[in-house]
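In: model this:
(one chain, ligands or ions: 1)
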Amino acid sequence: MNTLIIIFVILLGLAAGSFLNVLIHRLPRGESILRPGSRCPRCGVPIRWADNIPLISYLLLGGKCRVCRSPIPARYPVVELLNTILWVASYLKFGLSSVFFQMIIFSSLLVALSFIDGQYFLLPDRLVFPGMGVGLFFLFAFRPVPVLSGIGGAVLCAGLLLGIAWLSQWLFRKKGMGGGDIKLTAMVGLFLGWPRGLLALFLAAVLGLVGWSVLVLLGRRRFGDRIPFGIFLALGAWLSLFCGDYLFLGVRSLVQSLL
Ligand SMILES: [Zn+2]
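Out: Okay, the predicted model is just below:
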């Protein structure tokens, strides 16, 4: 029975990942999400349903459009696979519960937002605001965390980031954070509640600092380039969601050893 559910979660996760690819491609261009059907961005020929099966079609086609043979970006299978892994991890952690449904929506939103942010430095309101709505709905309907913790998490995390943004503007005369980053942080706080939301923000800052330093050292980015903070916030949120318990223990023993 359990295996059957996992297979079902995998199939749905792949299908949802395929839809996320549509969102990632069309939302930043302001195109309709539903129509027309999928087309090859190079030759414009509609993609047959048999060539539109998540992951499988990409492998069968060797990563190329059947008609014009132009390469299909690796993003397509990566997004489908990542989304599926997150859905299966949510099922293994939460079982078939309201928290499972809450967190697969949360994770999928983060996948779409981080890929859009990575490509366009953009966190579209058309995705973040509905995300906040879903977060509020689950918070009040199912109370995965106390309502005060959810609202408090959103206010605290967004407020903290806003403070950092003001500070960096004042110190470096430069815009550190965009409004999109702050709205996304509020969304993360709504879903995770205050201790986990704060942990997510902390991890995002650490990962962002380390990750960006490595890219600068490798010469892939320059110091002062814009940082797609949404990617790091998503990574921090996933770590906090799936490994938060262990991380809290680790942080506690670290603090105790320092005191
Ligand atoms: Zn083509």
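
In: Below-threshold pLDDT in the protein: ranges please.
Out: 174-176 (pLDDT under 70).

In: which stretch of helix or strand covers I151?
Out: Using DSSP states H and E, I151 maps to helix 147-172.

In: so what secondary structure elements neighbour that helix?
Out: helix 125-142, helix 179-192, helix 194-217 (3 or more Cβ pairs under 8 Å, 6 or more residues apart in numbering; DSSP states H and E). Yep, even glycine has a C-beta here, placed from its N, CA and C like the rest.

In: run the last query once more with 6 Å
Out: helix 179-192, helix 194-217 (3 or more Cβ pairs under 6 Å, 6 or more residues apart in numbering; DSSP states H and E).

In: what about P54, how many residues close to it?
Out: 22 (other Cβ atoms under 10 Å).

In: swap that for L192, please
Out: Count around L192 with other Cβ under 10 Å applied: 29.

In: Now do it against G153, distance only.
Out: 6 Å (Cβ to Cβ, to the nearest Å).

In: what does Q119 give?
Out: Q119 is 28 Å from G153, where distance means Cβ to Cβ.

In: Now the phi/psi pair for P41, please.
Out: phi -60, psi -20 (degrees, to the nearest 10).

In: Would you list the phi and psi of the residue nearest to D181 when sequence neighbours are not counted?
Out: Residue nearest to D181 in three dimensions, not counting chain neighbours: F229, with 4.7 Å by Cβ to Cβ, 6 or more residues apart in numbering. According to degrees, to the nearest 10, the main-chain angles of F229 amount to phi -60, psi -30.

In: What count of nearby residues applies to F229?
Out: The number of residues near F229, taken as other Cβ under 10 Å, comes to 26.

In: what helix or strand does the residue of the stretch 101-250 of the chain found nearest the ion sit in?
Out: The ion sits closest to Q119 of the stretch 101-250 of the chain, with a gap of 20.0 Å, by Cβ to the ion. Assigned by DSSP H and E, Q119 falls within helix 98-120.
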